[in-house]
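Participant: I would like the atomic coordinates for the input below:
(chains A and B)
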Amino acid sequence: MAEKIKATLPDGSKMEVEKGTTLFEIAKKIGPRLAKDAIAGKIDKKLVDLGVSILEDSEIEIITFSSPEGPDIYRHSASHIMAQAVGELYPKAKFGIGPAIEEGFYYDFDLGNSLSLENLGKIEKKMKEIIKENNHFTCKEMSKEEAIELFKSLNQEYKIELIEEIEGKTVKIYQNGNFVDLCRGPHIPTTGKIKAVKLLNVAGAYWRGDENRPMLQRIYGTAFDDPKKLDEFIHRQEEAIRRDHRKLGNELDLFSINDDFGAGLVLWHPKGALMRKIIEDFWRDEHLKRGYEMVMTPHVAKVDLWKTSGHWDFYRENMYSPMKVEEQEYVIKPMNCPAHILIYKSRTRSYRELPLRWAELGTVYRYERSGVLHGLLRVRGFTQDDAHIFCSPDQIEDEILKILDVVLCMLRTFGFNEYEIYLSTRPDKYVGTSENWERATDALRLALEDVGLSYQIDPGEGVFYGPKIDIKIKDALGRAWQCSTIQVDFNIPERFDVTYMGKDNREHQPIMIHRAILGSIERFIGCLIEHYAGAFPVWLAPVQASVLPIADRHNDYANTIVFELLKAGIRAETDLRSESINKKIRDGQVKKIPYMIIVGDNEVETNTVAIRGRGGKDRRDISLSEFLDELTKEISQRL
RNA sequence: GCCGGAUUAGCUCAGCAGGAAGAGCGACGCACUCGUAAUGCGUAGGUCGCCGGUUCAAAUCCGGCAUCCGGCUCCA
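Facilitator: Residues are numbered from 1 along each chain as shown, chains lettered A, B, ... in the order given. I've put the predicted structure just below:
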């Protein structure tokens, strides 16, 4: 009789099974439903295929689509099925990589020619055939040499390149149908497990993300264990498109970008400009409260300044060409820091003055390659909510903590509670010494750890003058955009010979911290529009209340109400058109105005108002002063 | 910049085997005066992104450019 071993299940219960039992057999023992849903498993917390047997006492877990790891495994297998389909349809195809991503998967192919959207239909059709065939995914482990020989015989040089970079002696090779792939696994047991699959898009993508290497064809798709979930996914995508700030920006009449003016240059309409004012006022007040001072600096400066700062050598590809003014070359500023440095250097500074915190809503212009512009989120001219802090080395950590505090406080006020934090380290092109880089990076890391924020390291993503902490927030489609940034800089002060007089009557070099909270007003408002789907909280809404008379005879009363509102500092307007009240309400809803104040015979008679909130609830017989009290309270609390 | 797609009225879009530019919404006018998401009727809007080519004839076919969209690379 075979040897018995113990399998510990996730709920802590133990199951006695014969040595060599596979995970799939265990799943069957637990229940037919689980066996049906099982796509992979875990042995002692390590992900494995369902066909793997257990040979000793171990903790095991059956993975289904609903497991945290489920969708990735499922979609990764779907990407292999897509590769098989592409291989069958295009026998000369060479394969790149094909991972699962957040809500789907992709695979990169070199087909010798490009693909268009029309090709996806037949690939998807072929995939469905493969799924119907219910082929097995099989796994073989072999030496790297063997694997290289295998892929040489298949003419797959991209795979060979990948194998050569893998550490260790052996690699795993998976096969489904006639498609053989280098892969860590695990995979679903058979292609038939895929219940719903859809190819979404095709795009060019450089091999290994390097623009000097060949461009492959990347096909995006997604897969679910239930066609209903696929429908929901498509529905969610459609919802996201409705939140798109480019669409809402136009509908709400906030801004436009006009070809005749120039790509990537934003024209702010009255309502958008008003929102900017509201945000900027809040920003200024918050900074003044926290010991910042405001500075203002021009948009162009002599080119030599940028040579001193290092921008001319390290940032020129993002700068516009110089213009000649009376034999002197000037450039439009891509950053505000040199200007602030010159203000610092306008006289001798004492250690008693530090830290100096200078803030500016500074408009900068950067050349962005065509093809990267994106509504308000990526533009060529934008206003940074910039500040530079000049401090002594022993003040750095405290200052960074203060910055993190104001960052989190402001982001929360704007309703952002989810963000990704990155610590970006030294890039390939940089100025300064490695000791300085290390000191600066340590300062940032310590501050993050002090506040207890979880973060990821973004290697090589720092700016040329220093490492940085980046905080990214997501748009409606889940794309992350960098907003807040905190950059420690030991280098630019050195280049400009920035000093202060110390207690010891000697010159010392201050450290400079560059920081932005919103990042740029443009990008931030873009994110804000998508975050609220255009339905801004009342403190931010360009129009806070609209007074709607039911019939023309109520216009005078409406005017007196709006006058009172304006007097109380409420951003209010009236809709005096000879339209039905239903029409006016509908238009107000479409414009996402927080409060509609409806006045008719009843209100005129009793000197009251009827309030309809954006949510659709209405309240009648309210006195204007009562409503005003509530409204001003809501506004001051920034809810 | 690279790969793919797109560009027709203010907006959303139809028209495309090449043969006199259309709809809905919006705007404007008139009538209606209405109680919580679209009152009715009428009018005006377009060098069909720009430049060139093919053709008896181009919104429609071809080429170049611009811009936009989805990605890649790059970035606040």
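
Participant: is it correct that residue A:22 is in contact with residue A:50?
Facilitator: Yes - Residue A:22 sits in contact with residue A:50 when judged by C-beta atoms under 8 Å, with a separation of 6.8 Å. All C-beta spots, glycine's among them, are computed from the backbone N, C-alpha and C.

Participant: which one's more surrounded, the two?
Facilitator: Set side by side, residue A:22 and residue A:50 give different neighbour counts by other C-beta atoms under 10 Å, the larger being at residue A:50 (24 against 18).

Participant: before we move on, what SS does the more buried one have?
Facilitator: coil (DSSP: H, G, I helix; E, B strand; the rest coil).

Participant: once you drop chain neighbours, what's closest to it?
Facilitator: residue A:24 (4.2 Å; C-beta to C-beta, 6 or more residues apart in numbering).

Participant: wait, what's in contact with that neighbour?
Facilitator: A:35, A:38, A:41, A:50-51, A:189 (C-beta atoms under 8 Å, 6 or more residues apart in numbering).

Participant: helix or strand: which one has it?
Facilitator: helix A:23-30 (DSSP states H and E).

Participant: how about residue A:493?
Facilitator: Going by DSSP H and E, residue A:493 is in helix A:491-495.

Participant: if we go by neighbour counts, what in that helix is buried?
Facilitator: A:491-495 (16 or more other C-beta atoms under 10 Å).

Participant: one more: stretch A:514-525?
Facilitator: Buried-residue list, stretch A:514-525, by 16+ other C-beta under 10 Å: A:514-525.

Participant: which ones among those lie within strands?
Facilitator: A:514-520 (DSSP state E).

Participant: I'd like those as TSV, with pLDDT appended.
Facilitator: Shown next, in TSV, are those (pLDDT from 0 to 100):
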residue	pLDDT
A:514	95
A:515	96
A:516	96
A:517	96
A:518	96
A:519	95
A:520	96
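
Participant: residues in a beta bridge with the residue nearest to the spatial centre of chain A, which ones?
Facilitator: Chain A has residue A:480 as the residue nearest its centroid, 0.9 Å off, counting by C-alpha atoms, centre = their mean. Assessed by DSSP bridges, residue A:480 has beta-bridge partners residue A:474.

Participant: against residue A:621, how distant is it?
Facilitator: 48 Å (C-beta to C-beta, to the nearest Å).

Participant: same deal with residue A:375?
Facilitator: Distance, residue A:375 to residue A:621, by C-beta to C-beta: 44 Å.

Participant: those two: which is more packed in?
Facilitator: residue A:375 (21 against 11).

Participant: how about the contacts made by the more buried one?
Facilitator: Residue A:375 neighbours (C-beta under 8 Å, 6+ apart): A:244-246, A:249, A:257, A:526.

Participant: near RNA strand B, from the residues you listed?
Facilitator: A:244, A:246, A:257 (C-beta under 7 Å from any atom of the strand).

Participant: in a markdown table: the residues you listed, plus distance to residue A:296, secondary structure and pLDDT.
Facilitator: Listed next are these as a markdown table, based on distance: C-beta to C-beta, whole Å; DSSP: H, G, I helix; E, B strand; the rest coil; pLDDT from 0 to 100:
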| residue | distance to residue A:296 | secondary structure | pLDDT |
| --- | --- | --- | --- |
| A:244 | 34 | coil | 93 |
| A:246 | 31 | helix | 95 |
| A:257 | 26 | strand | 94 |
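
Participant: turn these into JSON lines, columns for distance to residue A:625 and neighbour count.
Facilitator: Formatted as JSON lines, these follow (distance: C-beta to C-beta, whole Å; neighbours: other C-beta atoms under 10 Å):
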{"residue": "A:244", "distance to residue A:625": "40", "neighbour count": "19"}
{"residue": "A:246", "distance to residue A:625": "41", "neighbour count": "18"}
{"residue": "A:257", "distance to residue A:625": "43", "neighbour count": "19"}
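
Participant: stretch A:258-270 close to RNA strand B?
Facilitator: Yes - using C-beta under 7 Å from any atom of the strand, stretch A:258-270 reaches RNA strand B at A:259, A:263-264.

Participant: from the residues you listed, which would you call buried?
Facilitator: Buried members of the residues of stretch A:258-270 next to RNA strand B, counted by 16+ other C-beta under 10 Å: residue A:264.

Participant: skip the chain neighbours and tell me the closest residue to residue A:157.
Facilitator: That would be residue A:94: by C-beta to C-beta, 6+ apart, it lies 6.9 Å from residue A:157.

Participant: tell me what the one you found is bridged to.
Facilitator: residue A:110.

Participant: correct me, but it touches residue A:109?
Facilitator: Yes - contact criterion C-beta under 8 Å: residue A:94 and residue A:109 qualify, at 7.0 Å.
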